[in-house]
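Enquirer: sequence and predicted structure, then a few things I'm wondering about:
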Amino acid sequence: ILSFGADFLSTWVSPIKYARGYGVFRQGDRERGTFVQIDSRFSMTGANADEILFVKPGEEGLLALSIAQVIISEGLGNSGAVSALTGNGAVDMSVFAPETVAKRIGVNADRIRKLAKDFADPNHGPSIAIGGGSAAAQTNGLFNLVAIYSLNYLVGSVGKKGGIIFNPEP
């Protein structure tokens, strides 16, 4: 789980529902997965994460695109999603390489690469990226959320149990 600013254990949407779900996720040992809170502040959700990764406020979307760039450049993503997200290669993702954005977002380039590889690893899946709270509360909030939620499509977590499942049609 990558949570970009979504304080789901304290103030986000339905904290009681998410706390129960988090409790199920944490039953037994840590084999169910790893949870990384990506945020510009320390939150209740960050306090309960396996790791909290601090980014400069408003730069969450750049981190998500840097993660996407690693996944795409190393051939770890769903080819259909890669084509759709890059406009069949029309978008130059190299501008989001970890070495290019690391200083701006305040996260080490090697840490970004490891995060991307772990997120795309099918043995860890399905991976899920969620965004909200501080990532959305910026003037570039829509950009951040589109970049964050695109990661789910890139690793094939949309429509799968444990991934992003959209509400059914009425």
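Expert: That came through fine.
Enquirer: tell me the contacts of residue 52?
Expert: Each residue near residue 52 by C-beta atoms under 8 Å, 6 or more residues apart in numbering is listed here: 36, 37, 38, 39, 42, 46. Bear in mind the C-beta positions are built from the backbone N, C-alpha and C, glycine included.
Enquirer: what about it, which SS state?
Expert: Classification of residue 52 by DSSP: H, G, I helix; E, B strand; the rest coil places it in strand.
Enquirer: quick check: the gap between residue 78 and residue 120.
Expert: 10 Å (C-beta to C-beta, to the nearest Å).
Enquirer: if you count neighbours, what's buried in the helix or strand of the chain with the lowest mean pLDDT?
Expert: Ranked by mean pLDDT, DSSP states H and E, the weakest helix or strand in the chain is helix 15-25, scoring a mean of 82. Across helix 15-25, burial judged by 16 or more other C-beta atoms under 10 Å covers 15, 18, 22.
Enquirer: format those as a markdown table; extra columns: distance to residue 108.
Expert: Compiled in a markdown table, the buried residues of helix 15-25 are given as follows (distance: C-beta to C-beta, whole Å):
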| residue | distance to residue 108 |
| --- | --- |
| 15 | 31 |
| 18 | 29 |
| 22 | 27 |
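Enquirer: out of those residues, who's nearest residue 6?
Expert: residue 18 (9.0 Å; C-beta to C-beta).
Enquirer: for the most centrally placed residue in the chain, give me its contacts.
Expert: Centroid-nearest residue in the chain, with C-alpha atoms, centre = their mean: residue 129, separated by 3.4 Å. Contacts of residue 129 were listed using C-beta under 8 Å, 6+ apart, and they are 1, 2, 3, 4, 64, 119, 148, 149, 151, 152.
Enquirer: one more time with 6 Å
Expert: 2, 148, 151, 152 (C-beta atoms under 6 Å, 6 or more residues apart in numbering).
Enquirer: and the last one, how far from residue 16?
Expert: So that's residue 152. According to C-beta to C-beta, residue 152 and residue 16 sit 24 Å apart.
Enquirer: sorry, back to before: give me the more crowded residue out of residue 78 and residue 120.
Expert: For residue 78 versus residue 120, the count of surrounding residues by other C-beta atoms under 10 Å is larger for residue 120: 24 against 17.
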